[in-house]
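Student: next input, structure requested:
(one chain, ligands or ions: 2)
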Amino acid sequence: MLKIKSVKYIKSIMDWRDAPRPVRPEVAFVGRSNVGKSSLINTLINMKNLARTSKQPGKTRTLNFFSVNEMFYLVDLPGYGFAKTSKKEQLAWQEAIEGYLLGSEQLRMLYVLVDCKVGVKNNDVQLVEWLRFKNVPFQIIATKIDRISKSARAVQAKKIVETLQLADQSDIIFFSAKNRIGRGALWGDISRRVKN
Ligand code: GTP
Ligand code: MG
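Tutor: Ligands and ions are numbered 1, 2, ... in the order given. Below you'll find the model as predicted:
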């Protein structure tokens with residue numbers, strides 16, 4: 001497993017052209033508001049709240065870059081699908097996220113988070129269709145799996161595979177920020193992506 005020697009918050013941006021220098025490989029995390037993106041990043045890097053989290057949806061409002069080992073960046077993206085966000089703000093985020101996903105030449109993998117209890121929603125399906133259409137490489141992560149039983153997990157996995165038309169359940173990484181399940185598997189995946 002990758003040894004974490006240093007982690008640093010670098011900057012928050014709305015325009016992908018403002019991404020930090022020097023350019024380095026990036027992996028990013030996207031998903032509905034409150035799905036657990038920022039919590040997942042904190043779990044990965046063993047920090048309590050370097051990526052700011054909240055019970056209130058709509059916490060992350062910019063593209064936030066964290067540098068690991070001065071080797072690559074983790075990118076925390078704003079959540080979508082939060083009803084209380086103004087139309088104008090939603091649109092601004094959508095533009096910022098789409099611009100980043102299409103513009104960044106450093107993005108090695110986009111992790112798409114789905115809450116294992118909430119399941120796949122319409123905007124998740126739309127995102128995944130768009131990613132396929134645009135050839136953005138993505139990987140599904142089912143979050144908060146501490147909240148459901150082992151048997152419910154299998155049922156949810158099957159539903160996710162069907163609604164997002166994945167090849168197989170092995171295409172899903174199961175993750176919990178609470179009991180750190182999946183952390184090793186995810187680091188394994190990230191290390192492979194950011195190599196060279
Ligand atoms: P936005 O920034 O609003 O898009 O949300 P986010 O996707 O970054 O979610 P965040 O990490 O802020 O977590 C939202 C809430 O879910 C917080 O109350 C977290 O404590 C909780 N949460 C996140 N991950 C887990 C998990 O693995 N298990 C449990 N039980 N709760 C979690
Ligand atoms: Mg967040």
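
Student: from now on I want contacts and neighbour counts done on CA atoms only, so please keep to that.
Tutor: Noted.

Student: can you list the low-confidence ranges for the chain?
Tutor: Applying pLDDT under 70 to the chain flags the ranges 196.

Student: buried sites along the biggest helix by length in it?
Tutor: Once the chain is assigned using DSSP state H, the helix that runs over the most residues is helix 87-103. The neighbour-count check on helix 87-103 (16 or more other C-alpha atoms under 10 Å) flags 90, 93, 96-97, 100-101 as buried.

Student: whether that helix contacts ligand 1 - can you check?
Tutor: No: Helix 87-103 stays clear of ligand 1 (C-alpha under 6 Å from any ligand atom), getting no nearer than 10.9 Å.

Student: chain center to that helix, what's the gap?
Tutor: The chain centre lies 15 Å from the centre of helix 87-103; the measure is C-alpha atoms, centre = their mean, to the nearest Å.

Student: same question for stretch 135-143.
Tutor: Worked out by C-alpha atoms, centre = their mean, stretch 135-143 lies 8 Å from the chain centre.

Student: can you dump the C-alpha atoms of that stretch in PDB for me?
Tutor: The C-alpha coordinates for stretch 135-143 follow below in PDB (Å, rounded to 0.1, in the frame of the first residue of the first chain):
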ATOM      1  CA  ASN A 135     -14.900   8.900 -22.500                       C
ATOM      2  CA  VAL A 136     -14.100  10.000 -19.000                       C
ATOM      3  CA  PRO A 137     -12.600   7.100 -17.100                       C
ATOM      4  CA  PHE A 138     -14.700   6.400 -13.900                       C
ATOM      5  CA  GLN A 139     -15.100   3.900 -11.100                       C
ATOM      6  CA  ILE A 140     -18.100   3.500  -8.800                       C
ATOM      7  CA  ILE A 141     -17.700   3.600  -5.000                       C
ATOM      8  CA  ALA A 142     -20.600   2.600  -2.800                       C
ATOM      9  CA  THR A 143     -20.300   4.800   0.400                       C
END
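
Student: and it, which residues are buried?
Tutor: For stretch 135-143, by 16+ other C-alpha under 10 Å, it's 138-143.

Student: same question, stretch 143-160
Tutor: Buried residues in stretch 143-160, defined by neighbour count with 16+ other C-alpha under 10 Å: 143-146, 153, 156-157, 159-160.

Student: strands of this protein, start to end?
Tutor: 7-13, 26-31, 63-68, 72-76, 107-115, 138-143, 172-174 (DSSP state E).

Student: any chance of CSV for those strands, columns distance to Arg52?
Tutor: Converted to CSV, those look like this (distance: least, C-alpha to C-alpha, whole Å):
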stretch, distance to Arg52
strand 7-13, 11
strand 26-31, 14
strand 63-68, 10
strand 72-76, 10
strand 107-115, 17
strand 138-143, 17
strand 172-174, 22
